[in-house]
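K.L.:
attaching a predicted model along with its sequence, questions to come.
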Amino acid sequence: MTYLIEEKKYSIFLIAVVGSIAILSFPLIFNQVLEAEHLIHVAIHEIGFVLAAFLSVMAGIAYMKTRIFRMLFSSFAFGVLGFGQVAYMYSEILQPHHGGDTFGGGDILDITILIMTILFAVGVFYRR
């Protein structure tokens with residue numbers, strides 16, 4: 001009985017997360033398809049966001065099931081990468097032609113990739 005309740009809880013959680021990702025991705029995908037200038041480049045970032053969000057959720061579920069502290073760092077790492085992808089795509093939508101001295105979407109993505117790498121490394125090399 002508890003197995004079914006826990007599996008249903010994770011299923012509802014997964015559906016809620018996938019729904020949130022879809023709602024967040026819709027304006028990004030719709031706006032970029034209409035412009036169609038750098039469609040392949042943006043599609044790569046969108047795929048990266050979906051993959052990062054999926055891995056973050058899966059690592060979070062794995063942490064909840066196993067209570068391995070490393071999985072929590074992995075979940076945060078992929079969450080930060082997903083945030084970086086979204087921030088990059090929204091900054092490209094809002095400011096498609098930013099100057100050289102402004103803080104653009106590429107800088108945000110680079111910083112979040114660095115943070116993600118640090119969190120993932122802590123998760124891999126962490127020992128109690």
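P.N.:
Happy to help now that I have it.
K.L.:
any idea which helix or strand in the protein has the lowest mean pLDDT?
P.N.:
helix 2-35 (a mean of 68; mean pLDDT, DSSP states H and E).
K.L.:
C-terminal to it, what's the next element?
P.N.:
helix 39-66 (DSSP states H and E).
K.L.:
return the set of buried residues in that following helix.
P.N.:
In terms of neighbour count (16 or more other Cβ atoms under 10 Å), helix 39-66 has its buried residues at 42, 45-46, 48-50, 52-63. Backbone N, C-alpha and C define where each C-beta goes, glycine included.
K.L.:
local confidence estimate at the residue nearest the centre of the chain?
P.N.:
By Cα atoms, centre = their mean, the mean C-alpha position of the chain lies nearest to Gly82, the distance being 1.9 Å. Residue-level confidence at Gly82 comes out at 91, pLDDT.
K.L.:
doesn't Ala52 make contact with it?
P.N.:
Yes - between Gly82 and Ala52 there is a contact under Cβ atoms under 8 Å: 3.7 Å.
K.L.:
does the residue nearest to the centre of the chain count as helix, strand or coil?
P.N.:
helix (DSSP: H, G, I helix; E, B strand; the rest coil).
K.L.:
give the next helix or strand downstream of the host helix or strand of Glu92.
P.N.:
Using DSSP H and E, Glu92 sits in helix 69-94. Towards the C-terminus, the helix or strand next in line after helix 69-94, according to DSSP H and E, is helix 105-125.
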